[in-house]
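**Q** Quick one, fold the following:
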Amino acid sequence: MKKTNTITLLGNEAIAYGLADGGVRFASAYPGTPSTEIMETLIKKFKTRMNADWASNEAVAMEEAAAAAIAGTDSAVMMKSVGLNVAMDPLMTLALMGVTSAMVIVVGDDPGMHSSQNEQDNRNISKFSGIPMFEPSSIQECYDFAREAVQFSRKFKIPVFLRSVTRISHEMGQLELSPPVVNDIEPYERDPSRFVSIPGNARKNKSRMMKIQREIDEYVQEKKYYREYKIGKGNEYLVITSGSSSTFAHDALSYFGFNAHVLVPGLINPFPSNRFVELCSDYENVIVIEELDPFIEEKITILAYKNKLNINIIGKDQGITSIEGEITGEILMENLARYFNLEHEIPKTLTADQKALLKIRPPVLCPGCPHRSSYVAIKKALRKDQPIYSNDIGCYALGFLPPHNTADTLVAMGASIPMATAIAISRPEHTSVAMIGDSTFWHSGVSGITNAVWKGANLLVIVLDNLATAMTGDQPNPSANKDPEDSLVDLSIEETCKGMGAWVRVINPMEYKDTQRLIDEAKAIKGVKVLILREPCALNVVKEAKIKKVKLPLIAINDNCNGCKLCITPLGCPALSLNEDNIAEVDPELCNGCTFCQKLCNRDAIEVVSR
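**A** Numbering: from 1, shown residues only. Predicted coordinates:
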């Protein structure tokens with residue numbers, strides 16, 4: 001394949017380019033780190049070549065991409081690791097029925113849980129579903145494997161996984177682009193015996209898919225969906241590694257001077273079994289270097305047993321890698337040194353003085369964030385009501401942290417309302433409160449409201465509506481469309497809840513006393529109460545001011561301040577602190593002039609001034 005030009009991209013951007021150049025014409029996704037930039041790139045760079053847009057949740061995105069592929073259009077769907085859980089219902093049926101054209105499922109796993117509530121290894125879903133999975137280990141492979149996944153899916157008419165991880169998705173590097181592929185749109189032909197998955201058809205689909213999987217395995221063994229290379233001289237060790245782990249493996253093995261043959265499968269399911277068995281004739285010791293679960297290790301253990309291979313597998317049990325957390329070069333070198341008794345001094349990259357300057361910086365809500373104002377009002381209004389807070393996924397999950405401490409549970413997208421419903425029913429002596437954002441409401445909160453109203457639960461649902469899918473980068477959602485020229489229709493959270501029979505009110509949380517009064521009013525009413533606290537995301541307020549070239553106001557502290565900390569302790573705003581004289585001071589670089597702190601001061605010590 002002739003290469004045409006070189007470009008520098010993020011891993012996620014490279015995946016987007018690969019999907020587009022591979023022939024994808026329809027794409028759907030729900031935002032979530034570390035996968036968000038894939039759809040953002042498709043929308044920004046390839047909107048003229050495909051229909052690409054956000055969906056209301058991952059299951060909807062999966063079903064949209066599946067329908068396009070069944071109707072004959074090459075498609076792709078993108079989501080983060082835990083998002084795949086939301087899409088599992090359609091996924092497992094698609095695994096049996098397949099598609100007519102191409103369907104690539106891109107999943108961004110998150111070893112180390114940088115932005116996720118669990119550390120699941122979705123290679124296991126590939127095995128569970130029987131859907132093949134590519135796993136890139138470089139920026140170039142992000143592009144190449146995305147292209148190849150489209151063609152692989154078209155060939156066998158089944159969905160295909162492309163798995164990335166945070167380090168691959170967010171690293172940057174150069175890659176060579178290839179000429180775009182233009183695939184024909186397959187003519188639509190009705191096939192209800194395949195695509196209407198009633199039990200009788202599903203049984204036939206499973207038998208057909210088992211045959212296709214055997215064909216794929218034979219095809220993969222003949223093709224070279226792997227790369228291999230040698231380090232040092234001699235045949236001391238065979239090393240199996242993949243994905244981001246392969247880069248650290250190369251560096252660590254080279255550093256210690258191992259004599260090793262390294263096999264890096266790019267298609268990890270099906271695994272290149274034949275090549276592995278061939279290589280084992282020359283090696284007794286096999287080192288497995290992989291992140292999280294022993295996916296590859298279990299595969300080669302079974303292969304060793306079936307083929308009566310006399311090999312010693314060195315992996316998880318020997319401490320080469322762990323089943324938790326990310327692999328880093330330092331961790332891998334320490335583990336190899338410990339097991340093989342190698343001399344290794346941990347590099348001192350920072351001096352003691354430099355380390356002393358470093359401070360742990362927990363995530364915080366932005367200065368001027370309306371969620372901070374909401375939590376101050378909520379906490380004060382409910383302080384005597386024994387509240388139990390069921391929180392949800394989004395910026396507002398930071399209400400868990402001091403000084404707000406307004407989160408008792410956080411499990412999954414949309415879980416806040418069902419959990420608050422159960423608490424309201426089972427523990428009526430407590431005030432049950434659900435906290436959910438606007439995007440999460442549309443993602444999976446509507447069914448929770450339906451259930452709560454149906455059961456007549458007595459709970460308070462607080463929708464923290466900042467008119468944005470803020471935590472993942474300000475993507476649109478059904479009630480917060482961003483492009484005035486787009487054909488998307490704005491929906492209403494309040495009308496939706498009213499239509500279900502809930503008591504609904506809307507207020508700006510910056511109106512501190514009015515918000516408290518409205519919460520008090522809601523407490524006196526039985527049933528499902530929905531209080532929508534609506535104010536734009538602080539980042540968008542700043543962004544809009546820059547676009548309009550308007551200077552935001554600034555807060556100043558006057559001589560009335562006595563250092564009581566009424567503006568600091570309950571609010572926790574990064575722009576406010578006490579100076580050496582124990583008097584409040586404002587950081588003008590952080591303050592966005594929201595003026596909420598002024599409402600907390602009872603000494604008129606806070607003024608609004610011009611910048």
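**Q** so what's Met1 scoring on pLDDT?
**A** Looking at Met1, its pLDDT is 47.
**Q** got it, and Phe156?
**A** On the pLDDT scale, Phe156 gets 96.
**Q** and it, how many neighbours does it have?
**A** 19 (other C-beta atoms under 10 Å). (Each C-beta comes from the backbone N, C-alpha and C, glycine too.)
**Q** tell me the contacts of it?
**A** By C-beta atoms under 8 Å, 6 or more residues apart in numbering, Phe156 lies in contact with 98, 212, 215-216.
**Q** now those residues: which count as buried?
**A** Neighbour-count burial (16 or more other C-beta atoms under 10 Å) applied to the contacts of Phe156 gives 98, 216.
**Q** which of the contacts of Phe156 lies closest to Pro536?
**A** Gly98 (44.4 Å; C-beta to C-beta).
**Q** Break the protein into its domains for me.
**A** 7-223, 226-340, 370-481+491-543, 551-611 (automatic domain parsing).
**Q** which one of the ones you listed lies closest to Leu358?
**A** domain 226-340 (16.5 Å).
**Q** How about Ala20: what's its closest non-neighbour residue?
**A** Nearest residue to Ala20 in three dimensions, chain neighbours excluded: Phe46, at 4.3 Å (C-beta to C-beta, 6 or more residues apart in numbering).
**Q** pLDDT score assigned to the one you found?
**A** The model's pLDDT for Phe46 equals 95.
**Q** What separation do you get for it and Ile423?
**A** Computed as C-beta to C-beta, to the nearest Å, the Phe46 to Ile423 distance reads 46 Å.
**Q** out of those two, which sits in the busier spot?
**A** Using other C-beta under 10 Å, the more surrounded residue of Phe46 and Ile423 is Ile423, with 23 against 19.
**Q** Make sure the more buried one is indeed in a helix.
**A** Yes - under DSSP: H, G, I helix; E, B strand; the rest coil, Ile423 sits within a helix.
**Q** what's the closest non-adjacent residue to it?
**A** Ser432 is the one closest to Ile423 (C-beta to C-beta, 6+ apart), at 4.3 Å.
**Q** now the helices for the stretch 501-611 of the chain?
**A** 512-523, 538-548, 596-600 (DSSP state H, counting those that start in this stretch).
**Q** chain center to the shortest one, what's the gap?
**A** It stands for helix 596-600. 35 Å (C-alpha atoms, centre = their mean, to the nearest Å).
**Q** That one - contacts with which helices or strands?
**A** helix 370-381, helix 512-523, strand 606-609 (3 or more C-beta pairs under 8 Å, 6 or more residues apart in numbering; DSSP states H and E).
**Q** Which strands border the last one, and is each parallel or antiparallel?
**A** The reference is to strand 606-609. strand 554-557 (antiparallel) (DSSP bridges).
**Q** Can you give the contact residues for the partner strand?
**A** Contacts of strand 554-557 (C-beta under 8 Å, 6+ apart): 575, 583-586, 588, 591, 593, 595, 597-598, 605-611.
**Q** Now, of those, which are buried?
**A** The buried subset of those - by 16+ other C-beta under 10 Å - is 575, 584, 586, 591, 593, 595, 597-598, 605-606.
**Q** Would you reformat the residues you listed as CSV and include distance to Ser242 and pLDDT?
**A** CSV is the format used below for those (distance: C-beta to C-beta, whole Å; pLDDT from 0 to 100):
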residue, distance to Ser242, pLDDT
Ala575, 45, 92
Ala584, 54, 93
Val586, 51, 93
Cys591, 48, 92
Gly593, 50, 89
Thr595, 53, 92
Cys597, 51, 93
Gln598, 56, 92
Ala605, 60, 92
Ile606, 56, 92
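**Q** Roughly how far does Ala249 sit from Asn560?
**A** On the measure of C-beta to C-beta, Ala249 and Asn560 end up 63 Å apart.
**Q** which one of the helices of the stretch 501-611 of the chain lies closest to Arg163?
**A** Per C-beta to C-beta, nearest to Arg163 of the helices of the stretch 501-611 of the chain: helix 538-548, 30.6 Å.
**Q** Name the residues of that closest one that are buried.
**A** Those would be 538-542, for helix 538-548 by 16+ other C-beta under 10 Å.
**Q** Please work out the angle formed by the directions of that helix and helix 370-381.
**A** 140 degrees (axes from the mean of the first three to the mean of the last three C-alpha atoms, to 10 degrees).
**Q** got the contact list for helix 538-548?
**A** Against helix 538-548 from outside (C-beta under 8 Å, 6+ apart): 366-370, 466-468, 470, 474, 536, 551-552, 592, 594.
**Q** how distant is the helix or strand bottoming out on mean pLDDT in the chain from the center of its chain?
**A** Least confident helix or strand of the chain, by mean pLDDT, DSSP states H and E, is helix 352-357 with a mean of 73. Its chain's C-alpha centre and that of helix 352-357 lie 33 Å apart, by C-alpha atoms, centre = their mean.
**Q** still on that earlier bit, tabulate the domains of the chain (TSV), appending distance to Ala352.
**A** Shown next, in TSV, are the domains of the chain (distance: least, C-beta to C-beta, whole Å):
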stretch	distance to Ala352
domain 7-223	26
domain 226-340	18
domain 370-481+491-543	29
domain 551-611	27
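**Q** what comes into contact with stretch 594-606?
**A** 367-368, 370, 372-373, 376, 510, 512-513, 538, 541, 553, 555-562, 564, 566-567, 570-571, 573, 576, 584, 607-608.
**Q** ok now it, how far from the chain's centre?
**A** On C-alpha atoms, centre = their mean, the centre of stretch 594-606 falls 38 Å from the chain's centre.
**Q** Next, the distance between the ends of that stretch.
**A** Counting by C-alpha to C-alpha, to the nearest Å, you get 12 Å between the two ends of stretch 594-606.
**Q** mind listing what's buried in stretch 288-307?
**A** 288-297, 299-301, 303-304.
**Q** Let's see which of the residues you listed end up in strands.
**A** Counting by DSSP state E, the buried residues of stretch 288-307 place 288-289 in strands.
**Q** Which member of the buried residues of stretch 288-307 is positioned nearest Lys384?
**A** Scanning those for proximity to Lys384, where the rule is C-beta to C-beta, the winner is Leu292, at 45.5 Å.
**Q** Next up, the contacts around His443.
**A** Applying C-beta under 8 Å, 6+ apart, the residues near His443 are 30, 56-57, 413-414.
**Q** Of these - the most surrounded one?
**A** Busiest of the contacts of His443 [other C-beta under 10 Å] is Tyr30, holding 30 neighbours.
**Q** quick one: contacts for it?
**A** Counted by C-beta under 8 Å, 6+ apart, Tyr30 has contacts 54-58, 60-61, 79, 83, 86, 443.
**Q** Please check these and keep the buried ones.
**A** Here, 16+ other C-beta under 10 Å leaves 54-58, 60-61, 79, 83, 86, 443 buried among these.
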